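> attaching a predicted model along with its sequence, questions to come.
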Amino acid sequence: MLVPQKQRNVVYSALFKEGVMTAKKDFNIKHHELDVPNLVVIKLLQSLKSRALVKETFNWQWHYFYLTNEGIEFLRGFLNLPEEIVPSTLKKPKAQPGAQGARYGGERGDRPPRAEGERPRRPFNPDDKKVGAGADFKPDFRGSGGFGRGSRAPREGGEQTGAGFGRGRAGEYRQ
């Protein structure tokens, strides 16, 4: 696809600046961040993908393109940028004054204070944990053992009715 050099430079410079780019899978609209048709953006990035300069993820009708190290070198040469300029995905965030750990203070670090009335935590003791059923546990499974959704209560005389799905009791056939 022939793409004007001006549009190519806009797309490549935006990709290099951020390190990532998204595009909705709709070829008839303008790109949501750039003043370039969405078709041009997708096709330029697919071209970079075929040369392994970007990685693509497609999810919920959106294309997500991630710049690789080879792509950074290619775009740096294409856009005539010095080595010191890197995409924002490779920049480390600057530490803000008043770091997160000291916000609440105390031994709890960066966690907020507990709610009133909440009991304090105590260390885990494996002896406190009870495993398995108690010694007096005796399960009692009643029923025909057939398949289905269970059976109805027994009729007078103790006769069990076949309820639910399945074949019921063995050897039993009703018309």
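Perfect, thanks for sending it. Numbering: from 1, shown residues only.

> low-scoring stretches of this protein, by residue?
Scanning the chain for pLDDT under 70 picks out the ranges 96-121, 128-130, 141-175.

> would you map the strands across it?
Along the chain, counting by DSSP state E, strands occupy 20-24, 54-59, 62-67.

> so which of the ones you listed is nearest Arg122?
Nearest to Arg122 among the strands of the chain is strand 54-59; the distance by Cβ to Cβ comes to 43.9 Å. For every residue, glycine as well, the C-beta is placed using N, CA and C.

> Val40 against Gln7, yeah?
Yes: Val40 is in contact with Gln7 according to Cβ atoms under 8 Å; the separation is 5.5 Å.

> which one's more surrounded, those two?
Per other Cβ atoms under 10 Å, whichever of Val40 and Gln7 has more neighbours is Val40, with 21 against 16.

> list the contacts of that one.
Counting by Cβ atoms under 8 Å, 6 or more residues apart in numbering, Val40 touches Met1, Val3, Gln7, Val11, His31.

> change it to 10 Å
Going by Cβ atoms under 10 Å, 6 or more residues apart in numbering, Val40 touches Met1, Val3, Pro4, Gln7, Arg8, Val10, Val11, Ala23, Phe27, Lys30, His31, Leu34.

> what number of residues lie near the closest residue to Ser13 other than its chain neighbours?
With sequence-adjacent residues excluded and distances taken as Cβ to Cβ, 6 or more residues apart in numbering, Ser13 is closest to Leu79, at 6.0 Å. Leu79 sits with 14 neighbouring residues when counted by other Cβ under 10 Å.

> and if you look at Leu34?
18.

> wait, it sits on Lys17?
No: judged on Cβ atoms under 10 Å, Leu34 makes no contact with Lys17 at a distance of 11.2 Å.

> on that earlier part again, Val131 is nearest to which of the strands of the chain?
When the strands of the chain are compared by Cβ to Cβ, strand 54-59 sits nearest Val131, at 42.6 Å.

> cool, thanks, signing off.
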